[in-house]
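Trainee: Quick one: sequence plus predicted model below, questions after.
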Amino acid sequence: QKEVEQNSGPLSVPEGAIASLNCTYSDRVSQSFFWYRQYSGKSPELIMSIYSNGDKEDGRFTAQLNKASQYVSLLIRDSQPSDSATYLCAVTVRPTGNQFYFGTGTSLTVIP
Amino acid sequence: ETGVTQSPTHLIKTRGQQVTLRCSSQSGHNTVSWYQQALGQGPQFIFQYYREEENGRGNFPPRFSGLQFPNYSSELNVNALELDDSALYLCASSLGGGLETQYFGPGTRLLVL
């Protein structure tokens, strides 16, 4: 069973809409959760981290964590064409040490 | 920019050869993690170095090895290259040996022919 699963997409939304990206993880002692954005041919860049159940907002981005249901999501409000990228969910799992488990990523396209 | 640098940016090798990739961590960071990202996949954890000691390893064979220097820069060595080793190799630095946020370098794209 994969540690982290994401819908690979592609997900297309019109400019100005809300994009919703989801990630589920396996039943382990997951510690920390991260969302990274990766443009084609580039390396991942951190969007936000979340450690506790609930919502965390940073500008147009909101991360939501529900440990009981084992999912973490990312909402992008007022989506812009520059948000078009692959979004990677990453989870750290304490029993196996310090490694980040990444999902395969969701490709997002924002249509002008 | 994260302050994490990697060299070289691109590399072409033939099967059976050996390669060394280099990474300089962000100032003040003492932990370096290495990942392999195949096309269309998420990054896969290779190993992590914390204060010059290996601090966790993913499911990669022993021909993948590394080290970290006193200035916290790091090297990834891959022996007996295989075609499937063709990928983007990412280095990420963080502060501390735990679960802190990791910041990625630009990556080294390796092509094995």
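Mentor: All right, it came through fine.
Trainee: All the strands of the chain, residue numbers only.
Mentor: Going with chain A. A:4-6, A:11-14, A:19-25, A:30-38, A:45-50, A:54-58, A:61-66, A:71-76, A:85-93, A:100-102, A:106-111 (DSSP state E).
Trainee: hmm, I had chain B in mind actually
Mentor: Under DSSP E, chain B gives strands at B:5-7, B:10-13, B:19-24, B:31-37, B:44-50, B:53-57, B:64-68, B:74-78, B:87-94, B:103-104, B:108-112.
Trainee: Alongside chain A, which residues does chain B contribute?
Mentor: Within chain B, the positions near chain A by CB under 8 Å from any CB of the partner chain are B:2, B:31, B:33, B:35, B:40-45, B:48, B:50, B:55-56, B:58, B:88, B:90, B:92, B:97-99, B:101-107. Yep, even glycine has a C-beta here, placed from its N, CA and C like the rest.
Trainee: Can you say which of the strands of chain A is nearest to chain B?
Mentor: Of all the strands of chain A, strand A:100-102 sits nearest to chain B, with 3.4 Å by CB to the nearest CB.
Trainee: so who does A:D58 touch?
Mentor: By CB atoms under 8 Å, 6 or more residues apart in numbering or on different chains, the contact set of A:D58 is A:47-48.
Trainee: Return the set of residues that bridge with it.
Mentor: A:D58 forms beta bridges with A:F61, as assigned by DSSP bridges.
Trainee: Look up the pLDDT of the closest residue to B:S73 other than its chain neighbours for me, please.
Mentor: The spatially closest residue to B:S73, leaving aside those adjacent along the chain, is B:S24, at 4.7 Å (CB to CB, 6 or more residues apart in numbering or on different chains). Listed pLDDT for B:S24 reads 96.
Trainee: so who does B:S24 touch?
Mentor: Per CB under 8 Å, 6+ apart, neighbours of B:S24: B:4-6, B:73, B:105.
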